[in-house]
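J.: Return atomic coordinates for the entry below.
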Amino acid sequence: MAIIKGYKRWMLWGVVGFLCACQSSAGFPNAVVSTPVSVLSIAINAPQAVIQPTPLSAEFISQADSEYLLLTNLYERVTPSVVNVEAVRNVIDNRQDTSRASGWVYNKEGYIVTNAHVVKDAVEVRVTFNDGSVLTAQTVGIDTYSDLAVLRVNASPERLFPLVLSDSNEVRVGQRAIAIGNPFGLSSSMSMGIISGLGRALLSAEMIDSQTPAGYQNPSIIQTDTPINPGNSGGPLLNSQGELVGVATAIRTDIGVFQGVGFAVPSNTVARVVPQLIETGRVSYPYLGISVNPESNGFSLAGIAEMLNLPVKRGVLVRGVALSSPSDKAGLRGGNQIIMVRGRAVCVGGDIIVAVNEHYVANMDDLTAYLIANTSVGEQVTLRIVRDKVTFDVPVLLAPRPSQTSETRDCER
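T.: Model prediction:
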């Protein structure tokens, strides 16, 4: 191989020498060639042909655009179902204030669903449809616990395009989530993201208005990274089929606009609450009458069970039992001792609820969500209790939630 390489180098310089000799003998005897011209540089500096890319096939482009075609089709089908909601309220000095949000058509009878906080305390509500027509709406019912409200407009059935409700129990994290609404008053706007979390709990409107931690939370909330901004409230959150997954209700933000965390009331809550609002104007929730220690930031039963040497790691540690409540009548016990856990006072010694009707629960949100979705006022349920390392079942007759909180028997009383 070394001999062949040497031979090639000799041949290359021979060619270069020949080219130089030819140049001198061609009428330029006084020319001085100080550096041989590189054959390689000649090749590199030669003009290059411009290669024109071949267009992609129509089939390839169609496949790449299929998601956008899906969204375009969904938007055109669903937009006629989404409305703009204007709520007029009286404010000081005999002035009025108008807030704008979103809503959607529930059925052909003229019922519209939006958020409770959108229309609460409104003296007049107007609904604007996708075609630009404006109708005055009657407020049929408001439920501040679920943050849902039902309006009604006098419109002919052919003008109304109801949305189809999906089964929110089938929703999974990572699925596509599409919002259509009126952010900042920009009507019929679409945004898209994914389902980011399930089983969240939000403060009810009652708790937000009173600014106290006491009260009932809204469970089973869907979290999404789909952009939701002021004006989206009450609008639909949809799946890829254009079915309603949830109703946009809130965002978590430090600056007043969307920062990647939005929340929606699940469609199964809508399916349970809206018919009651249409029928009676209110919603009746089943009530046990227990209170628990705050479970956030690692203080659920799973977070404290090992430190407190509790017999189970999943369930609801009862802090207090409301006097004369269903749980009190059934003999449930609240806590009797306060222990400091990681700098926080925790009331312990009470019963631990591990299941309701054979459905095991991990925390209070699980228990509340099950009761709301699967039970009714006046129904008897069976609670599985762990007390002093003994497990037994207790029947409890559910009552309606009281309008005011009752005195509670716990570590402090």
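J.: Show me where the stretch 301-413 of the chain dips below the pLDDT cut-off.
T.: Along the stretch 301-413 of the chain, the model assigns pLDDT under 70 to residues 413.
J.: what ranges do the strands span in it?
T.: For the stretch 301-413 of the chain, the strands defined by DSSP state E, counting those that start in this stretch cover 316-322, 337-341, 344-348, 352-356, 359-360, 380-387, 390-397, 399-400, 408-409.
J.: now the nearest residue to A122 once chain neighbours are set aside, what's its secondary structure?
T.: Counting by C-beta to C-beta, 6 or more residues apart in numbering, A87 is the residue found nearest to A122 once chain neighbours are left out, at 3.9 Å. From N, CA and C alone the C-beta is placed, and that goes for glycine too. Under DSSP: H, G, I helix; E, B strand; the rest coil, A87 falls in the strand class.
J.: Mind pulling up the pLDDT for A87?
T.: In this prediction, A87 carries a pLDDT score of 95.
J.: and it, what does it touch?
T.: 98-101, 118-119, 122, 124-125 (C-beta atoms under 8 Å, 6 or more residues apart in numbering).
J.: again with V346
T.: The contact partners of V346, taken as C-beta under 8 Å, 6+ apart, are 293, 299, 304, 308, 338-340.
J.: rewinding a little: and the residue nearest to A122, bridged to which residues?
T.: The partner list for A87 in beta bridges (DSSP bridges) reads S99, V125.
J.: quick one: it from D131, how far?
T.: 21 Å (C-beta to C-beta, to the nearest Å).
J.: coming back round to it: now, among the contacts of A87, which is nearest to D225?
T.: A101 (20.6 Å; C-beta to C-beta).
J.: what about the helices in the stretch 101-250 of the chain?
T.: With DSSP state H, counting those that start in this stretch as the criterion, the stretch 101-250 of the chain has helices at 116-119, 205-210.
J.: For the first one, which outside residues touch it?
T.: Contacts of helix 116-119 from elsewhere in the structure, counted by C-beta under 8 Å, 6+ apart, are 85, 87, 99, 101, 103, 125, 139, 142-144, 146-149, 151, 205, 233-234.
J.: When you filter the residues you listed down to buried only, what's left?
T.: 85, 87, 99, 101, 103, 125, 139, 142-144, 146-149, 151, 205, 233-234 (16 or more other C-beta atoms under 10 Å).
J.: From those residues, which land in strands?
T.: 85, 87, 99, 101, 103, 125, 139, 142-143, 148-149, 151 (DSSP state E).
J.: what's the distance between the longest strand belonging to the chain and the middle of its chain?
T.: As assigned by DSSP E, the longest strand anywhere in the chain is strand 189-203. Offset of strand 189-203 from its chain centre (C-alpha atoms, centre = their mean, to the nearest Å): 1 Å.
J.: What residues of it count as buried?
T.: Within strand 189-203, judged by 16+ other C-beta under 10 Å, the buried ones are 189-193, 195-196, 200-203.
J.: do the same with stretch 388-401
T.: So stretch 388-401, judged by 16+ other C-beta under 10 Å, has buried residues 394, 396, 398-399, 401.
J.: Got the domain ranges for this protein?
T.: Here the domain parsing of the chain from automatic domain parsing is 76-159, 168-280, 286-409.
J.: can you put these in JSON lines and add distance to F60?
T.: Shown next, in JSON lines, are those (distance: least, C-beta to C-beta, whole Å):
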{"stretch": "domain 76-159", "distance to F60": "25"}
{"stretch": "domain 168-280", "distance to F60": "22"}
{"stretch": "domain 286-409", "distance to F60": "46"}
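J.: Looking at the ones you listed, spot the one closest to L56.
T.: domain 168-280 (24.5 Å).
J.: Spit out the contact partners of L70.
T.: Per C-beta under 8 Å, 6+ apart, neighbours of L70: S240.
J.: tell me the SS of it?
T.: Per three-state DSSP, L70 ends up helix.
J.: distance of it from E358?
T.: Distance from L70 to E358, by C-beta to C-beta: 41 Å.
J.: Could you do V173 as well?
T.: From V173 to E358 the distance is 26 Å (C-beta to C-beta).
J.: Give me the more crowded residue out of those two.
T.: V173 (12 against 8; other C-beta atoms under 10 Å).
J.: Skipping its backbone neighbours, what lies nearest that one in space?
T.: I195 (5.3 Å).
J.: One more: A330?
T.: V396 (4.5 Å).
J.: go on, R282?
T.: Excluding the flanking residues, the one nearest R282 by C-beta to C-beta, 6+ apart is G141, at 6.1 Å.
J.: Report how many residues lie close to that neighbour.
T.: Quick note: G141 (other C-beta under 10 Å) scores 20 neighbours.
J.: List the beta-bridge partners for it.
T.: V150.
J.: got a list of what K108 touches?
T.: K108 sits next to 157, 160, 162 when contact means C-beta under 8 Å, 6+ apart.
J.: Show the backbone phi and psi for the second one.
T.: Right, L160. When quoted as degrees, to the nearest 10, the phi and psi of L160 stand at phi -110, psi 130.
J.: wait, it sits on N107?
T.: Yes - between L160 and N107 there is a contact under C-beta atoms under 8 Å: 7.5 Å.
J.: Could you check which of these two has the larger neighbour count?
T.: L160 (19 against 14).
J.: quick one, what contacts I353?
T.: By C-beta under 8 Å, 6+ apart, the neighbours of I353 are 290, 315-316, 318, 361, 367, 383-385.
J.: Just to check, Y370 is in contact with Y360?
T.: No - counting by C-beta under 8 Å, Y370 stays clear of Y360, with 9.7 Å between them.
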